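> What would the 3D arrangement of this be:
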Amino acid sequence: MGRGTRLVLAVVCGVAVAGVYAGQPVLEPMGRDLGMPRESVGWFVAAGQLGYLAGLVLLVPLGDLLDRRRLIAAHLALVAAGLAIAATAPAAWVALCGLVVAGGFAVVVQTAVAFAAAISPPGERGRTLGVVTSGVVVGILGARAVTGGLADLWGWRSSYLVLAVLSAVLAVVALVALPTDLRVDRSRYGQVIRTLGGLFNNPIFLTRGLVAFFLFASFGTLWSGMALPLAAAPWQLSEAQIGLFGVAGLAGALGAARAGRWGDAGHTGRVTGIALVLLLGSWLAIGQLGWSLPLLVLGVVVLDFAVQAVHVGNQHVLTTAYPERTSSAIGGYMVFYSLGSAFGAAATTALFDAFGWAGPTVLGALLALGALVTAARGGRSAAGPTRRGSSRSRTRARRRAGSLGTKGFPPTRSGAAGEPAGSRCARGPGAAPSGPA
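Numbering: from 1, shown residues only. Sure, this is the predicted structure:
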């Protein structure tokens with residue numbers, strides 16, 4: 001895959017996902033303007049996440065059937081429409097409807113990621129995913145800084161208008177710049193949806209998904225709630241100042257951009273374990289928000305590094321294990337992401353209102369612990385794809401894959417670079433072990 005194609009897909013991901021998270025640093029003025037009670041403002045973020053969830057189930061599987069270049073362009077156009085509705089909303093319910101639409105079609109991110117994985121050589125798949133998903137991180141965290149600055153200058157509505165225009169422009173760029181995606185799959189939409197449902201019975205897929213749920217619930221707990229204590233005493237920061245914390249998170253997340261290369265080298269399991277320990281530890285620093293902003297910044301950097309490293313590793317394993325159903329695998333995995341993010345966004349504002357910042361801190365740490373325990377239960381089979389392995393170890397790995405039962409991550413000795421044993425089975429007449437490919 002050329003560098004230009006990677007860049008376009010990364011920008012598509014960044015702009016699309018920014019619309020889902022743009023409200024986080026401006027929840028207070030947004031709620032005040034639209035008449036939403038303070039304890040309910042988290043629903044401006046949760047609405048986008050719930051729309052995203054619906055899109056993951058109903059829209060992302062289309063990427064296994066249709067030309068993904070045209071699909072990306074169409075979804076971007078509809079993201080622009082939803083953001084425009086939110087920007088011009090006269091009441092909270094109209095804004096929520098617009099955000100549900102924007103969130104639903106923001107699953108163009110998963111279509112772009114699956115497209116990138118599908119057209120990348122196996123030995124470069126992790127690197128490509130690292131670059132493209134870095135665009136997601138830039139969108140999620142950069143949106144906070146940009147939204148805060150625009151809100152200070154022209155109000156919270158301006159950020160949604162800017163993102164709507166960018167999405168519309170990118171729809172045209174994607175149609176012109178991305179390669180044509182010729183499809184030969186004759187499956188029907190209903191068959192693909194059933195295949196997606198079958199993935200949820202696969203222990204490989206299910207464990208990675210549960211890790212993602214806890215991971216992004218912890219992530220959402222921080223980023224959907226942090227603006228509230230920072231805007232209050234003793235800090236009383238402006239929207240622009242709060243948005244700058246996104247730059248700190250961006251630094252941490254981009255520091256994990258090499259996670260895809262680590263996956264290509266066979267270190268996914270080790271990186272996942274270390275990153276989840278860091279995620280848990282980051283909440284010790286984040287919990288000091290009430291008296292120390294430097295410690296908060298440190299915690300934000302570590303948390304975002306950990307989240308990105310685990311997320312890239314998860315996607316690398318799944319796209320390698322299901323090479324013929326990359327869109328369905330990524331879409332199903334991201335269902336867990338969406339549920340976790342929505343839970344974190346809704347819970348953190350309610351907990352802050354009841355217990356102050358201690359409530360979200362405890363919740364975020366417990367969720368990080370849940371991710372760590374889930375990964376640990378996978379045992380040594382969580383190692384992810386590796387580059388080497390003898391034919392005997394590959395045979396043992398395939399046998400283990402067939403009888404994995406309820407254990408977590410897949411056996412991961414391989415013969416092809418960056419390809420777990422299960423993926424070879426997925427390419428043959430049979431399906432991937434323990435579930436459809």
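
> From now on I want contacts and neighbour counts done on CA atoms only, so please keep to that.
OK.

> Secondary structure element for Leu78, which one?
helix 68-87 (DSSP states H and E).

> now for that helix, which elements pack on it?
helix 3-21, helix 92-105, helix 108-118, helix 156-177 (3 or more C-alpha pairs under 8 Å, 6 or more residues apart in numbering; DSSP states H and E).

> Just after the longest one, pick out the following helix or strand.
The element immediately downstream of helix 156-177 (helix or strand, assigned by DSSP H and E) is helix 189-199.

> Need the CA coordinates for that following helix. PDB is fine.
Extracted in PDB, the C-alpha atoms of helix 189-199 (Å, rounded to 0.1, in the frame of the first residue of the first chain):
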ATOM      1  CA  TYR A 189     -26.300  -9.300   3.300                       C
ATOM      2  CA  GLY A 190     -28.200 -11.600   5.600                       C
ATOM      3  CA  GLN A 191     -25.400 -14.200   5.300                       C
ATOM      4  CA  VAL A 192     -22.800 -11.700   6.300                       C
ATOM      5  CA  ILE A 193     -24.800 -10.600   9.300                       C
ATOM      6  CA  ARG A 194     -25.200 -14.200  10.400                       C
ATOM      7  CA  THR A 195     -21.400 -14.600  10.000                       C
ATOM      8  CA  LEU A 196     -20.900 -11.600  12.200                       C
ATOM      9  CA  GLY A 197     -23.200 -13.100  14.900                       C
ATOM     10  CA  GLY A 198     -21.200 -16.300  14.800                       C
ATOM     11  CA  LEU A 199     -18.000 -14.500  15.700                       C
END
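
> Which positions within that helix qualify as buried?
For helix 189-199, the neighbour count (16 or more other C-alpha atoms under 10 Å) marks Val192, Ile193, Thr195, Leu196, Gly197, Leu199 as buried.

> what does stretch 84-94 give?
Neighbour-count burial for stretch 84-94, with 16+ other C-alpha under 10 Å as criterion, is recorded at Ala84, Ile85, Ala86, Ala87, Ala89, Ala92, Val94.

> Pull that stretch out as PDB, backbone CA atoms only.
Extracted C-alpha coordinates of stretch 84-94, given in PDB (Å, rounded to 0.1, in the frame of the first residue of the first chain):
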ATOM      1  CA  ALA A  84     -24.700  19.700  10.400                       C
ATOM      2  CA  ILE A  85     -28.000  18.800  12.200                       C
ATOM      3  CA  ALA A  86     -26.200  18.800  15.600                       C
ATOM      4  CA  ALA A  87     -24.600  22.200  14.900                       C
ATOM      5  CA  THR A  88     -27.900  23.900  14.000                       C
ATOM      6  CA  ALA A  89     -30.000  22.100  16.600                       C
ATOM      7  CA  PRO A  90     -32.500  24.400  18.500                       C
ATOM      8  CA  ALA A  91     -33.100  21.800  21.200                       C
ATOM      9  CA  ALA A  92     -31.300  18.900  22.900                       C
ATOM     10  CA  TRP A  93     -33.400  16.200  21.300                       C
ATOM     11  CA  VAL A  94     -32.500  17.500  17.800                       C
END
